[in-house]
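Undergrad: got a predicted model here, sequence first, then my questions.
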Amino acid sequence: MSEAVSREAASRWGGGVSPVGVSWNKLMMWLFIITDGLLFAGFLAAYGFARLASAAWPDRLEVFHLWFISAMTFVLISSSATMATAVGAARRKEGQLVSQMIFATLVGGTIFLAMQAYEWTILIGEGARLHSNPWGVPQFANYFFIITGFHGTHVLTGIVILAVVAARALRGRLSAEGVELAGLYWHFVDLVWVFIFTLFYLI
Amino acid sequence: MSKSSRQEAGTHQEQGFLRRYVFSTDHKIIGIQYFLTGGLMGVLGALLAALIRLQLAWPGRQWEWLAVVFPSGMESGVMKPEFYVMLVTMHGTIMIFFFVSFCLVSGFGNYLIPLQVGARDMAFPFLNMLSYWTIVPAILIAAASFFVEGGAAASGWTAYPPLSAIRTAVPGSGWGQTLWLLAVALFIVSFTMGSLNFVTTIINLRARGMSFLRLPLTIWCLFISSILGLLAFPPLTAAAIMLLFDRHLGSSFYIPSGVYIAGTLLPNEGGSPLLWQHLFWFLGHPEVYVLILPALGVTFEVLAPFTRRPVFGYRLTVYSLLVIAFLSMVVWGHHMFVSGMSPVIGEFFSVGTLLITIPSAIIGVNMIATLWGGMLRLSAAAMYALGTIALFGVGGMGGVFLGNAAADVQLHDTAFVVGHFHFMIGGVTLFAIFSGTYYWYPKMFGRMMNETLGKLHFWLTIVPFYSIFVSMHFLGIAGAPRRYYDLSRYTFLQGVDWMGPFITIMAFIMIGGQVFFLVNLVGSWWKGRRAEANPWQATTLEWTVPSPPPHGNWGDSAPVVHRWPYDYSRAGAPQDFTMQTHPTPVAGAALERR
Amino acid sequence: MAKDATGVPYSVYWRTWAFLLMLTLVMVILDQAAVPRPVLVLVLLTAMLVKAALIAGTFMHLSQEKLSLALAVVTALLLTGAVLFLLIAPDGLRLFQMKN
C-alpha cells in the first residue's frame, strides 16, 4: 500500500505533470494570493505593533457601529457564496446560473463598497483624518483608513474582474477556468476581510 | 501553456522586429534584455562608486570638470555632503535592485529555467514580457530622480524615516525620495511577476523524468530564491505605501512626536521609525539571500563540468539551501542590534544568524569537495567560480562577527559592514554573474568568448577586489563609520588614512579592468569563434540544443530526463560525462549512485 | 481538473454560508458582552481562523486540492504572517513600556 502510494507520488513529482494537480494559471493565482495576502499581513502586523505601542486605543463599541459592520460582513460572505455557486455552475456548464450568480456577486460587492464608503463618511464627519482623529490615539485613524482603504481597492479590482468575466459570459465565451480564477480572487478578498473584521473591529 | 507556446512558435516567423526582439515573449530574449539592462545599470552604479571613492580618498579636493557635470552637487568642484549621501544611496539602490537582481535572478532565471527544466517557455510568457517592461519605467524614474529639484534620494538604500519621511529633511528627501519609492515599487511589481512565473514553471512545467532531485542546482537556487522573494517583498510594499502616506498625506506611521525641522516642531505624533526598520529588513535580509542563492547555484553549475566531477553532496546542498532560506526569514533583526530594538529579541536574532553559518559552511565545503580528485579545466568561467568560493568563505567570516550582537555594537555602521556586504552581494554575486556569462554566453549567442581576455579580466577584478574590501574590514575595526562624507577630520583614523587613496586607486583599476569584459562581450558577439551545441561537454538540458536555441527550445519533441545533472566521470563509461537525456543504463560505475 | 464532472453540490456552499453567518453573529454578540479580555481575544482569534479555514477549504476548494498545495498556501500565509507579527510585537510592547 505504501509502496503504491510512494510510486504514485514519485511519478507525480517526476516531471511532465503538475505535482500539485492544478493548471499553471491556477497555481499562479494561488501564488499571487499568497503574495497579496502577505501585503495585508504587513499592514496588519504594523497595526498590531502600533497598537501594542499605544497607551490607549479607542473603544470599538464607541467608535464603530458594529451591527452596520456586521451587515457589511454578511453582504461580503453572501457574495462569496454566490461566487462559489457561480464557479460550480461554470464547471457544470450551466451558463444562465453562472451569469445570475456573477451578477449577484457583483451586486454584493458593490453594496459592500457603498457601505464601506458610508462608514468612511461617518467617521470623517466625526473628525477622523489620516493625520489626526478625535479619539485621542494618533495611530488609530491612519491605520483604519489604510487597511480598509486597501481592502476596498481590492474589492473594487475584484468587481472590475468580475464585470469582465460577466461580459464574456453574456457573449457566450464562458470559460470554467476563468470563472474559477476570478472566484479565487474574490474569495481571497473575503478572506482578508475576515481577518480585518476580527483584528481591527472586534479585538 | 504548451498550447500558447506552440501557437507562438508557428507564428513566430511572421512577427515583426518589435514583437520578436523588443516586446518578445520568448524567455531567452527577455533574459538577454534583463542582462543588457542590468549591465547598463551596473555601469551606472560603478560610476557612482567612482565618485564616492574620489571623495573618500581626497576629501575636500576640487574637481573642476565634475563641477561642470554636477553644478549643484559639486559647486566649484568640491563635493557637498548632501551630494555624497545621495551618491551612496543611489549606488546601493542601483546595484542591488537594478544590477545584481536583473543580471543574476531575472537574467539567468529567465534564460535558464525553461531550458534547464525542459519546458518550451515560461508558464505565462505574456506576463514575463510585462515583467521586463515594468522595470523600464522603474529605471527611467530612478534615473529621472537625479534631475529633479533636490536631487535623488539621500537616505541610504535603506530609506530610514524620519529622513525619508519628511520632505524637507535633506534635499533628496523631496521629489527624489518619492521617485525612489515609485521606482522600487515598480521593481517589486516586476520582480513579483517574474517570481510567479519562475515558481509556476519549475513546479508545473518540468519535462518528463525531471524530478525535483534531478534539477540542476541553479534551478533549485532560483526556485528557493523566487519563493523567498514572493514571501518577503509584500511587507516592504506595505511599508513603502505607509511611507508614501507619511510623506504626502500627513500620516504618522513612522514619524514620532517631537521632531524639529529647521526650528519648527512637526505636528506628527505616535509614529515609530523602528517599525520601518523592522518591515524594511524583513525584506532586506531575505533579499540578500534572494541575490546570493542563484550565485551559489551558478557556481555549482560551473564547477562540475570544469572539474569533470559530480557536485559533492547534491542532496545535502539542497537541504542546506532550504534551511538557509527558512532561517533567512527570521534573522532580519541582526541589522537592528543598535537601533533600540529589544535586546531579548536581539539575542534571538543573533542566535538565528549564527545558525545560518552551519548550512552556509556545508555549502562552501561541498563546493570545495567537488574539486577533490577532479581534472580542473581552468577556463575563465571556472576561475570566477573558484573565486566565488573564496569570496563566500572570507566574506562569510565577517558575517560571523556581525551576527554576534555584542560585537556588532562596535562594528555596526562601520566600514566593516561595508566590506562584509560587498564581499557577499558585490563579490560572490558579481563573480557568479561573470562566471555564468563566460559559461552560458556560447549558448546565448552562439559564439565563444575570448579566454585570454577573460583571464585578464579575472585577475584585474579579483586582486583589486580583495585589496578594496579586506581593507574596509580593517578600516571598520579601526572605527571608520560608513556613509560618512569626510573621514580625514577624525584624528583616531589618522593611522589608517592611507587606506582611502589605496582603496580608490584599486577601485579604479577594478573598474578599468571591466573594460576588457565589455570588449570581450561585444567583440565575441561580432567575431567570436562559432559555438557548437555543447562546447563545455556539460550534462544539463540546455546543452542538448543548438547554440543559440530555436524558439520553442526543443524542436518537435520535449526532452525526457533519465538521470541527475552531474553524471561526470563514471569509471569505465565511454565518455567522462553523461547527459541528462541519455537513456539508462550506461556502462560503468557511477561516482554517486543515482 | 480532477473533480470537474460531479463537482460539489451547491448546498455545501450555502450550508457553509449559514455557518459562517452564525459564527459571525456569535463573534459580534460576544464582542459586546462582558467577557474577560484574554478569553475574548482567544475566542475571536479561534473563530477567525475557523472562518478562514471554511472559506479557503470550501469556497476556494482547497480541501479538494492536493495536500501539498493546501499546506504550501496555509504555511506560507499563516507562518510568515505570524513570524512577522510575533517578532515585531515585543518591540511594540517595549515602546509602550518606555513611554509610560
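TA: Received, thanks.
Undergrad: which strand or helix spans B:R489?
TA: B:R489 is located outside every helix and strand, with elements delineated by DSSP states H and E.
Undergrad: poorly predicted segments of the stretch 101-250 of chain B, please.
TA: Along the stretch 101-250 of chain B, the model assigns pLDDT under 70 to no residue.
Undergrad: just for the chain, where's the confidence low?
TA: Here I'm looking at chain A. Applying pLDDT under 70 to chain A flags residues A:1-9.
Undergrad: nope, chain C
TA: If you take pLDDT under 70 as the line, chain C has these spans: C:1-6.
Undergrad: helices of that one, residue ranges please.
TA: Assigned by DSSP state H, chain C shows helices spanning C:10-32, C:37-54, C:67-74, C:80-99.
Undergrad: got JSON lines for those, with mean neighbour count and distance to B:F98 too?
TA: Backbone N, C-alpha and C define where each C-beta goes, glycine included. Shown next, in JSON lines, are the helices of chain C (neighbours: other Cβ atoms under 10 Å in any protein chain shown; distance: least, Cβ to Cβ, whole Å):
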{"stretch": "helix C:10-32", "mean neighbour count": "16", "distance to B:F98": "46"}
{"stretch": "helix C:37-54", "mean neighbour count": "15", "distance to B:F98": "38"}
{"stretch": "helix C:67-74", "mean neighbour count": "16", "distance to B:F98": "31"}
{"stretch": "helix C:80-99", "mean neighbour count": "18", "distance to B:F98": "26"}
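Undergrad: export those to JSON lines and tack on distance to B:W65?
TA: Below are these laid out as JSON lines (distance: least, Cβ to Cβ, whole Å):
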{"stretch": "helix C:10-32", "distance to B:W65": "69"}
{"stretch": "helix C:37-54", "distance to B:W65": "63"}
{"stretch": "helix C:67-74", "distance to B:W65": "57"}
{"stretch": "helix C:80-99", "distance to B:W65": "48"}
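Undergrad: show me the strands in the stretch 201-350 of chain B, by range?
TA: With DSSP state E, counting those that start in this stretch as the criterion, the stretch 201-350 of chain B has strands at B:260-261, B:264-265.
Undergrad: wait, which of those strands is closest to chain C?
TA: For the strands of the stretch 201-350 of chain B, the distance to chain C is smallest for strand B:264-265, at 18.3 Å, taking Cβ to the nearest Cβ.
Undergrad: pLDDT of the closest one, averaged?
TA: For strand B:264-265, the mean pLDDT works out to 92.
Undergrad: quick check, it touching chain A?
TA: No - contact of strand B:264-265 with chain A (Cβ under 8 Å from any Cβ of the partner chain) is absent, the minimum separation being 14.3 Å.
Undergrad: follow-up on the earlier one: I'd like the strands of the stretch 201-350 of chain B laid out as a markdown table, including mean neighbour count.
TA: Output for the strands of the stretch 201-350 of chain B, formatted as a markdown table (neighbours: other Cβ atoms under 10 Å in any protein chain shown):
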| stretch | mean neighbour count |
| --- | --- |
| strand B:260-261 | 10 |
| strand B:264-265 | 10 |
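Undergrad: for A:F150, which of those strands is the nearest?
TA: Smallest distance to A:F150 across those (Cβ to Cβ): 29.0 Å, for strand B:260-261.
Undergrad: ok now the closest one, how far from the chain's centre?
TA: How far strand B:260-261 lies from its chain's middle: 37 Å, per Cα atoms, centre = their mean, to the nearest Å.
Undergrad: coming back round to it: and of the helices of chain C, who's closest to A:V98?
TA: It is, among the helices of chain C and with distance given as Cβ to Cβ, helix C:10-32, at 12.2 Å.
Undergrad: who are the packing partners of that closest one?
TA: Contacts defined by 3 or more Cβ pairs under 8 Å, 6 or more residues apart in numbering or on different chains; DSSP states H and E place helix C:10-32 against helix A:60-63, helix A:66-91, helix C:37-54.
Undergrad: in JSON lines, list those along with distance to chain B.
TA: Shown next, in JSON lines, are the helices and strands packed on helix C:10-32 (distance: least, Cβ to the nearest Cβ, whole Å):
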{"stretch": "helix A:60-63", "distance to chain B": "17"}
{"stretch": "helix A:66-91", "distance to chain B": "20"}
{"stretch": "helix C:37-54", "distance to chain B": "18"}
